[in-house]
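A.B. asks: I would like to see how this sequence folds:
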Amino acid sequence: MDSQARLAVVTGGSRGLGYEVAKSLIANGDRVVIVSQDIARAKKAANELGCESQCVDLADLDATRKTFELIQSKYGVPQVLVLAHGVMSEKMSKTLRTTTQEWRRVMAINLDSVFVAINTICPAMAQARDGRVIIFTACLGRMSGPGNAGGLAPYRISKAGVNALVRNLAHETGLGARGFLVDATCPNHTRTDMGGPDAPRSVEEGAKTAIWLATREFDPAKDKTGLFWEDRKTIDW
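C.D. replies: From the prediction side, this is the model:
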């Protein structure tokens with residue numbers, strides 16, 4: 001990788017939305033490190049993309065922290081962090097029926113690992129005043145509209161937590177005034193392993209807004225961050 005190019009770290013980068021984001025950032029001239037749970041899949045994706053890879057089970061929070069510490073020590077402080085990993089909860093996982101194990105599985109991957117990744121690697125990004133964090137969340141996690149209509153409780157609530165984390169972190173870091181941007185994006189129902197083959201949107205369509213957020217020109221005097229984006233437009237939390 002070109003050591004002078006901008007560094008981007010993309011979780012879930014071995015497939016689906018993460019893979020599409022990584023591919024586009026590489027085409028943009030960035031050097032990319034993908035993070036994936038599956039070693040074989042990560043190596044295959046990295047070979048196809050021409051990038052580096054790291055493997056970790058993101059449900060293991062201690063291992064996740066160590067992996068992001070390793071990434072920073074090996075490659076340096078990234079300018080872009082895209083968190084595209086996630087899992088769906090079981091179909092019948094309503095609040096009164098969900099087991100503790102299912103609740104913890106979904107929360108650990110969808111919310112806790114997001115916090116650990118940010119908590120580990122973003123202090124240096126914020127200090128450098130040169131960082132962009134883009135997190136794939138879901139409209140099912142909204143507190144307005146259809147997001148809180150019930151069902152899939154661990155998934156919906158984990159994504160609501162991600163949305164709250166994004167908004168809180170953005171305010172804590174000056175809403176872009178200090179060169180550190182943090183945003184959430186909803187890809188909508190996309191043809192990924194999670195979304196299934198019959199989903200209405202392509203991976204390219206689902207990833208487009210995240211790629212734009214990672215590459216857009218940003219003027220703190222007129223542009224905004226700390227928002228929830230869908231198709232390059234803001235939506236209510």
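A.B. asks: where exactly do the strands run in this structure?
C.D. replies: Assigned by DSSP state E, the strands in the chain fall at 7-11, 31-36, 52-55, 80-83, 131-136, 180-185, 228-230, 233-235.
A.B. asks: contact partners of the third one?
C.D. replies: Right, the one you point to is strand 52-55. With CB atoms under 8 Å, 6 or more residues apart in numbering as the test, strand 52-55 has contacts from 1, 13-14, 31-39, 42-43, 45-46, 67, 70-71, 75. Glycine gets a C-beta too; all of them are placed from N, C-alpha and C.
A.B. asks: of all residues in the protein, which one is nearest the centre?
C.D. replies: Nearest to the mean C-alpha position of the chain, by CA atoms, centre = their mean, lies L83 at 1.9 Å.
A.B. asks: R132 versus that residue, what's the distance?
C.D. replies: 12 Å (CB to CB, to the nearest Å).
A.B. asks: cool, P200 as well?
C.D. replies: In this structure, P200 and R132 are 28 Å apart, going by CB to CB.
A.B. asks: looking at the two, which one has more neighbours?
C.D. replies: R132 (24 against 10; other CB atoms under 10 Å).
A.B. asks: which residues does that one contact?
C.D. replies: Q79, V80, L81, F180, L181, V182, D183, L213, A214.
A.B. asks: likewise for E205?
C.D. replies: Counted by CB under 8 Å, 6+ apart, E205 has contacts P187, N188, T190.
A.B. asks: at 7 Å instead, please
C.D. replies: Going by CB atoms under 7 Å, 6 or more residues apart in numbering, E205 touches T190.
A.B. asks: and stretch 181-198, which residues are buried?
C.D. replies: 181-192, 195 (16 or more other CB atoms under 10 Å).
A.B. asks: averaged pLDDT, that stretch. What do you get?
C.D. replies: Stretch 181-198 shows a mean pLDDT of 90.
A.B. asks: can you check stretch 42-58 too?
C.D. replies: 97.
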